[in-house]
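J.: what's the 3D shape of this:
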Amino acid sequence: MVGTAPRTQTLTDLAKAHKLDFFLVSFTDLLGGTRAKLVPAAKVSAVESAGACFAPFACNLGLGPDAHDIAAIPDASSLIVLPWQPNVGWVASDLYLDGEPFAAAPRIILKQVCDRAATLGYDYKTGVEAEFMLLKQAEKGYRIADPLDDAARPCYDQLNLMRQFDLISTLVRYMEALGWEPYQCDHEDANGQFEINWTYSDALTTADRHVFFKYMVKTLAEQQGLTATFMPKPFSHLTGNGAHLHMSLWNGESNVFEDARDELGVAPLGYEFMAGVMAHARGLTALCNPTVNSYRRLGAAMTSSGSTWSPRYISFGGNNRTHMLRIPEGGRFELRLADGSTNLYLAQAGILAAGLEGITEHLTTGDRIDENMFVRGSEFPTLQTLPTTLIEALRCLEQDTLLIKTLGEQGSKTFLDFKYKECSDYHTEVTQWELQQYIHC
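T.: Just a heads-up that it's a prediction; the model follows:
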């Protein structure tokens, strides 16, 4: 099994080397959905040069049914052999329209910002903490898969973790075989919630792996009769699913965020990058929290565990999880904004663009706050708050010139159109809560 193939090898070469019969030629659309075609290895050479063709109207890419086909050109270096189906290889793809890179393709958007960083001498490296829940279908909706997992504070619970040992250990073994270097896994703060951490990489590889990780977790859960969900807030009383992102900038083998002379081990350039992220945080919220459900998690009321673990304010601290930005150790920081529904290609593109502006404009973060922001946040009236609804976040995105430019004219228009429609659809739905609340009006 391979995680990254040499760029000199073709998919035909890789098919022979790994005894592959098929390739899943995959791409991610603007809403974060994954699309794919199954291509026989005997025919993959033509796909590698001309692409696998898709009708773009059917793929949430903002083009009409009259549009020419979109061609998905597979990136051989992204090859992952399916551990549970070792005769099939998965490859991330870049989209082309009429022979040109498709400007509204999320992977293309991220690559463009990474290229911009490279011209400044920087390599953007990230790692993601992808939280998920294991559920079972019930007569009405879903329930926690493990009926014994019912503690008020289940985080790090050993029994709850080990009752899912078969699934978790299988995922870890597969990730080890793929070369991802998973280093720890735990039961998280919500009942039925888990997290597996793997070693950071360049941002494009992290985004590709995040897409595949979600596919792998869901597939293996289904094989055990379970439903794995990365939905931001499946249950109102439980902590939601985050996708906390750790990041640093590198110049060759040197981490340019690291400076041992600083109290927290962060270089001035690292603080400038953080300042850029903070300056654009309200617009970034739409990319990091792109669903109506996201705002059930973000800044929510307290959960049964006693904490939501999601930020409300645009603030930073040291090793303090109540802030939007946390500095757990020197040379990197964690952005706790994103949730499980995020399209990591778009989110990372926006974050990197914001951080680079912070560096080029020498922005400042303001003072570090060493307080519990869940309790004392209101005592800092000058702090901006994060958007509390998807509509508010979309309006912030619309007003953010840098982020709109990063997404491009077509990408930003399509994303906003889809998301405003999602808001409209949501507001036309009458909920059970409303019936119970207002039926006797």
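J.: next, the residue sitting nearest the centre point of the chain: phi, psi?
T.: With distances taken as C-alpha atoms, centre = their mean, residue 344 lies nearest the centre of the chain, 3.6 Å away. Main-chain torsions, residue 344, degrees, to the nearest 10: phi -70, psi -20.
J.: now it: how far from residue 396?
T.: 20 Å (C-beta to C-beta, to the nearest Å). In this view, the C-beta of every residue, glycine as well, is placed from N, C-alpha and C.
J.: coming back round to it: hang on, the residue nearest to the centre of the chain packs against residue 130?
T.: No: Residue 344 is not in contact with residue 130 according to C-beta atoms under 8 Å; the separation is 9.2 Å.
J.: contact partners for the nearest residue to residue 283 once chain neighbours are set aside?
T.: Of all residues not flanking residue 283 in the chain, residue 400 sits nearest, at 3.2 Å (C-beta to C-beta, 6 or more residues apart in numbering). Taking C-beta atoms under 8 Å, 6 or more residues apart in numbering, we find residue 400 in contact with 280, 282-283.
J.: among these, which are in helices?
T.: 282-283 (DSSP state H).
J.: and the contacts of residue 400, which is closest to residue 147?
T.: The nearest member of the contacts of residue 400 to residue 147, counting by C-beta to C-beta, is residue 282 at 40.8 Å.
J.: pretty sure that closest one contacts residue 386?
T.: Yes: using C-beta under 8 Å, residue 282 makes contact with residue 386 at a distance of 6.7 Å.
J.: mutual contacts of those two, please.
T.: What both residue 282 and residue 386 touch, as defined by C-beta under 8 Å, 6+ apart, is the set residue 314.
J.: what is the neighbour count of residue 237?
T.: Residues within reach of residue 237, counting by other C-beta atoms under 10 Å, total 12.
J.: wasn't it part of a strand?
T.: No: using DSSP: H, G, I helix; E, B strand; the rest coil, the secondary structure at residue 237 is coil, not a strand.
J.: contact partners for it?
T.: 303-304.
J.: I'd like the distance between residue 111 and residue 23.
T.: 21 Å.
J.: neighbour-wise, which of those two wins?
T.: residue 23 (27 against 19).
J.: name the helices or strands packed onto whichever strand or helix holds that one?
T.: Taking DSSP states H and E as the definition, residue 23 sits inside strand 22-28. Other elements packing on strand 22-28 under the criterion 3 or more C-beta pairs under 8 Å, 6 or more residues apart in numbering; DSSP states H and E are strand 34-40, helix 44-50, strand 70-74, strand 88-97, helix 106-119.
J.: mind putting those into TSV with distance to residue 215?
T.: Listed next are the helices and strands packed on strand 22-28 as TSV, based on distance: least, C-beta to C-beta, whole Å:
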stretch	distance to residue 215
strand 34-40	6
helix 44-50	20
strand 70-74	16
strand 88-97	8
helix 106-119	15
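J.: and stretch 409-420, average pLDDT?
T.: For stretch 409-420, mean pLDDT is 96.
J.: and it, what's buried?
T.: 410-412, 414-416, 418-419 (16 or more other C-beta atoms under 10 Å).
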